[in-house]
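Trainee: sequence first, predicted coordinates after that:
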Amino acid sequence: MLRDQPLILVVDDEPLILNMAKEILNSEGYQVETAGDGKQALEALQTHSFDLVLTDMMMPDMTGMELVRHLRQHHPGTLAIVFTGYANYEDAVGAVKLGAFDYLPKPVQPEILRHAIGRALEYQRLVRAEKDLETVFQGAEALGWQAVELVSTTKEAAALNALRERTREQEDLKEVGRQFLQVAQELVQVTNSSIFLFDAVRGEFSGLAAVGPDVEVKVGERIAAQGIMGYVASHRRPLLVPDLRQDRQFALLARRPSYQTNSFMIIPLSGYKFWGVINLADRQDGMPFGARDLFLGWLLGRLLVEVLETGKFEEEEADLPLSAPWISKELPVGLTFLDENLAIIQSNPAMMQLVGLEEETLAGREIFTLLGLSAQDQETLEAAFRKAITTQESQEFFSIKTIARENAVRYLGVRMVPLPADKEGPRGLLLVNDVTELETLKQRLHLYEHLAIMGKLTLCVAHELNNPLDGIRRYLSLALMKKDDPKEVERYLGEVQKGLQKMATSIKSLMFSANPYKAPPRANDSLSNLLQDAIKIMMFQASDQRVQVSFHPPVEFGNLMVEADLYYVFINIIKNALQAMPHGGDLKVHGFLHNHQIEIAFEDTGAGLSSEELDKIFQPFYSTKQGVQGLGLGLPICQKILDRYGGRLVVESHPGRGTKMRVILPHSEPGGADGR
C-alpha cells in the first residue's frame, strides 16, 4: 500500500521561522502543519498522525523539551528535531536523552535542515521496515522450508533447490560452506561473504568459508562472541543494515576494514541449537541490501541449517586438556569442569572469586551448592547439567537470582556445555557469568517501558471513559431532579448502570492491550481469540494513526478451534490495512459463517489499489511500498498458510475507495476451520 508524503509539524512562536520552514519543506514535497506554541502542537497531535515534529526549544507555556517528552510517552513513532538560538552542549545531550533525533542551533541553514530531516525520515523508515520484516518473517517461519515455495517460479528458488541436492550427501563441510557462499553471490550479488560457526565451549566464532577480500584470514579465524555477530547470536533474528551510518544501534561499532560499503546482512543459523552466522556484505552494484535480499539470505540460512543437522561431517575433537592455558587465565567468566556426578574437577580464578573459595577447597565439591541458589533452582540446574552430558546438547540459563555471601542479591548467567567422553567418563563444562549489572539495567528499561505504556494507557483510559462518565453525570443529575418520581429515577439509574458496565469493559480491554508485545498465541485456539489477539496487538499503532477499528465476529467463532499460524495471516492483513491509512481512517473486521464456509472480511478506507496493482500483489517480491520497507511476501505468505487448510484470500479494491480483503476457509460440522 502506498503511503502519502511525510507529514511534518513545525512548532515555533516566531511566525517568520514558521513561514520559512514551511516554504522550505513544501518545496521538498513534504506536507506541513504549523503551531505557534506547545498547546497548539498538542491539539494538532490529537487530530493528525505526524511523521516528524520540528520544535523550538524556548516557547511560552510549554518548552520544546516538554513537547519531546510528550511525544516519547504518547507518540513514540513520531520523531522530533529540536532547534534553538541558545545552543549549548548540556541542552543537546538532554534533548537526545529525552528522545529527540537531532538538535540544531539557530539560525537554521536550509541545507542543514534538509539534511537533518532526510536523516530522520530515513531512520524512521528503517525502523518501520524492521518491524514490517519481523512480521513477515514470523509468517515465513511458520511455513519453515516450505517458504521457498513462495518464490517457486523464480530462478532464485531453482538455485536453492539445486544447492540442496548438491550438498545433501556432501561430507566436506568446508566445501559445503564454499558452495553456499557461491550461491549467495548469485542470489543477492554479494561480493564479500563468510560463514562463521559458533564454538559453544570457547564462546567464540570460527571461520568456515569466505568469498572476497582476506579469504585466508577469515577461514579459521576465531572471533569472540561480541560485536554485531554477538548481537545476532543473542537475538537469533536476521539482521539487515541498509546503511551503518544511519543505524543508531550500530553506528559506533567498527566495521571490518575489508567492507567497501555501509550495507550488510547477518543471517543466524538456528535449529535445534545455534550453529553460527552467514555474513553478507558489499553488493556488486554498491547499492544497499533490501528486504528481498534479506529474505533470500534467510532461505539460504534455513537450508544450511538443514544440511548441518542432517549431514555426516567429520567433527574435530575438542582439544581441551585441563591444563590448557586459557582455562587458567584470569577470564571474566567463571569456568569449571564437572564430572558426571556434578563434582568439580578444576576451576579458573573467576569461578573461585564467584564462590569465595580456593582451588584446593573446591576440588571434589558440588558447584551448585556453592552459588547461593534456591533449592528449586539448584535442582533445576543439576537436572539440566545431567541432560546436557547425556544428550550432548548445551543448556543455557540467562538470569538466575542468587543470594551472595553478604546477603546481596546477584544474578548469574549459566551455560552448560557437554564435552566428549573419555576413559574417565562423561564430563561437562560449566560457564557462570555475573550478569547483575545487566539485569539491573534490563529491569530499569522494563520499568521505563512500563511507564511509557502506562502514560499511553492513561491517555486511552481518559478517552475511553470520558463519554460514558459524562453520561453517568447527566443521568445522576436527572435522577436527583426527579427524585420524587420512582419510575423515572429507576430509568435513569438503569442508564447509569449501563454506563458503568461500558467503563468496566473498556478498562478490561485497555489493561489487556497494555502489553503490545505479548507472546504468540497457543498452538490451537478459537478463531475469535486469534482475531482478537491480532487486533489488540496492533491497536497502539492504529491509535497513533487515528484509525478507528471495529470488530464484529459471529458468536460461532468462539467455538471454532483453528491452528495458531492463522494469527500471522490476520496480523499481516491488519498491518497492510494500517499502512494504507497513515493519517487516519476506518478498519472494519467482521465475519460470517455460511454455505460450509468461514469468511473474515477486513475493510479499510485507504487509498485503494489499481487494477494493475491487484494483478501483481500475489507475485513474489512485488510491493507497492517504497524502498526497504516493501518485501512483497506478506500476502504470498498469507495465501500459503491458508492453502494448508484449503482456504484462500480474496482482494477487492478500487483507487480512492479502500480495500477489502476476505479470508475464506472451508467449514464442516463438527470440527474447526479445516473440518477436522
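Mentor: Cool, the structure landed.

Trainee: just give me how far stretch 74-81 sits from the chain centre.
Mentor: 18 Å (CA atoms, centre = their mean, to the nearest Å).

Trainee: ends of that stretch, what's the gap?
Mentor: One end of stretch 74-81 sits 17 Å from the other (CA to CA, to the nearest Å).

Trainee: now do the buried residues in that stretch.
Mentor: For stretch 74-81, the neighbour count (16 or more other CB atoms under 10 Å) marks 74-81 as buried. Yep, even glycine has a C-beta here, placed from its N, CA and C like the rest.

Trainee: which one of the residues you listed is nearest to H596?
Mentor: Set against H596, the nearest of the buried residues of stretch 74-81 by CB to CB is G77 (42.3 Å).

Trainee: so what's the nearest residue in space to that closest one that is not next to it in sequence up against?
Mentor: For G77, ignoring the flanking residues on the chain, the nearest one in space by CB to CB, 6 or more residues apart in numbering is D544 at 5.4 Å. Residues near D544 by CB atoms under 8 Å, 6 or more residues apart in numbering: 49, 75-78.

Trainee: backbone phi and psi for D544, please?
Mentor: The phi/psi pair for D544 (degrees, to the nearest 10) reads phi -60, psi -40.

Trainee: N595 now?
Mentor: phi 50, psi 40.

Trainee: repeat that for N262.
Mentor: phi -100, psi 10.

Trainee: E14 too?
Mentor: phi -110, psi 110.

Trainee: just the ones of the buried residues of stretch 74-81 in helices?
Mentor: Here DSSP state H is the test, and the buried residues of stretch 74-81 give H74 as lying in helices.

Trainee: farthest pair within the buried residues of stretch 74-81?
Mentor: H74 and I81 (17.9 Å).

Trainee: list the buried residues of the lengthiest strand in the chain.
Mentor: Ranked by residue count and defined by DSSP state E, the top strand of the chain is strand 409-422. By neighbour count with 16+ other CB under 10 Å, strand 409-422 contains the buried residues 410-419.

Trainee: can I get those residues in JSON lines including pLDDT?
Mentor: Shown next, in JSON lines, are the buried residues of strand 409-422 (pLDDT from 0 to 100):
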{"residue": "R410", "pLDDT": "84"}
{"residue": "Y411", "pLDDT": "85"}
{"residue": "L412", "pLDDT": "87"}
{"residue": "G413", "pLDDT": "86"}
{"residue": "V414", "pLDDT": "88"}
{"residue": "R415", "pLDDT": "86"}
{"residue": "M416", "pLDDT": "87"}
{"residue": "V417", "pLDDT": "85"}
{"residue": "P418", "pLDDT": "84"}
{"residue": "L419", "pLDDT": "79"}
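
Trainee: may I see those organised as CSV, with distance to N433 added?
Mentor: Output for the buried residues of strand 409-422, formatted as CSV (distance: CB to CB, whole Å):
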residue, distance to N433
R410, 11
Y411, 10
L412, 7
G413, 4
V414, 8
R415, 8
M416, 13
V417, 13
P418, 19
L419, 19
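
Trainee: between those residues, which sits nearest F274?
Mentor: Using CB to CB, those come closest to F274 at R415, 11.4 Å.

Trainee: name the nearest residue to that closest one, sequence neighbours excluded.
Mentor: Nearest non-adjacent residue to R415, counting by CB to CB, 6+ apart: L431, 4.3 Å away.

Trainee: I figured the one you found hits V333, correct?
Mentor: Yes: using CB atoms under 8 Å, L431 makes contact with V333 at a distance of 5.5 Å.

Trainee: the more surrounded of those two?
Mentor: Neighbour totals were compared for L431 and V333, and L431 leads with 22 against 15 (other CB atoms under 10 Å).

Trainee: now do the SS call for that one.
Mentor: strand (DSSP: H, G, I helix; E, B strand; the rest coil).

Trainee: contact partners for it?
Mentor: So L431 contacts 203, 333-335, 414-417 (CB under 8 Å, 6+ apart).

Trainee: so which of these is the closest to M352?
Mentor: G334 (8.1 Å).

Trainee: correct me, but that closest one touches L357?
Mentor: No: with contacts counted by CB under 8 Å, G334 stays clear of L357, the gap being 11.8 Å.

Trainee: show me which of the two is the more surrounded one.
Mentor: G334 (23 against 16).

Trainee: list the contacts of the more buried one.
Mentor: 347-348, 350-351, 353-354, 430-433.

Trainee: need the strands for the stretch 151-300 of the chain, in chain order.
Mentor: 190-199, 204-211, 222-224, 239-241, 264-270, 274-283 (DSSP state E, counting those that start in this stretch).

Trainee: nearest to Q31, of these?
Mentor: Nearest of the strands of the stretch 151-300 of the chain to Q31, taken as CB to CB: strand 239-241 at 28.6 Å.

Trainee: partners of that closest one in the sheet?
Mentor: strand 264-270 (antiparallel) (DSSP bridges).

Trainee: can you redo the strands of the stretch 151-300 of the chain as a markdown table with distance to M538 and mean neighbour count?
Mentor: A markdown table is the format used below for the strands of the stretch 151-300 of the chain (distance: least, CB to CB, whole Å; neighbours: other CB atoms under 10 Å):
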| stretch | distance to M538 | mean neighbour count |
| --- | --- | --- |
| strand 190-199 | 34 | 23 |
| strand 204-211 | 37 | 21 |
| strand 222-224 | 39 | 12 |
| strand 239-241 | 23 | 23 |
| strand 264-270 | 26 | 24 |
| strand 274-283 | 31 | 24 |
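
Trainee: those: which one's closest to L593?
Mentor: Comparing those by CB to CB, strand 264-270 comes nearest, at 39.5 Å.

Trainee: so how far is the closest one off the chain centroid?
Mentor: The mean C-alpha position of strand 264-270 is separated from the chain mean by 15 Å, CA atoms, centre = their mean.

Trainee: got it, and stretch 595-614?
Mentor: Worked out by CA atoms, centre = their mean, stretch 595-614 lies 27 Å from the chain centre.

Trainee: now it: mean pLDDT?
Mentor: In this model, stretch 595-614 carries a mean pLDDT of 88.

Trainee: what about it, start to end distance?
Mentor: 27 Å.

Trainee: quick check: buried residues in that stretch?
Mentor: In stretch 595-614, counting by 16+ other CB under 10 Å, buried: 598-609, 613.

Trainee: which element follows the least confident helix or strand in the chain by mean pLDDT toward the C-terminus?
Mentor: Across the helices and strands of the chain, mean pLDDT, DSSP states H and E gives its lowest value to helix 325-328, namely a mean of 46. Sequence-wise, the next helix or strand downstream of helix 325-328 (DSSP states H and E) is strand 334-339.

Trainee: so how far is that following strand off the chain centroid?
Mentor: With CA atoms, centre = their mean, you get 35 Å for strand 334-339.

Trainee: then stretch 182-201?
Mentor: Per CA atoms, centre = their mean, the centroid offset for stretch 182-201 relative to its chain is 23 Å.

Trainee: one step back: let me have the contacts of D544 in CSV, adding pLDDT and distance to E33 as columns.
Mentor: CSV is the format used below for the contacts of D544 (pLDDT from 0 to 100; distance: CB to CB, whole Å):
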residue, pLDDT, distance to E33
S49, 83, 11
H75, 83, 14
P76, 78, 20
G77, 79, 17
T78, 86, 12
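
Trainee: related to what we said a few turns ago, pull the most distant pair out of the buried residues of stretch 595-614.
Mentor: Of all pairs drawn from the buried residues of stretch 595-614, the greatest distance, 28.7 Å, lies between I598 and A607 (CB to CB).
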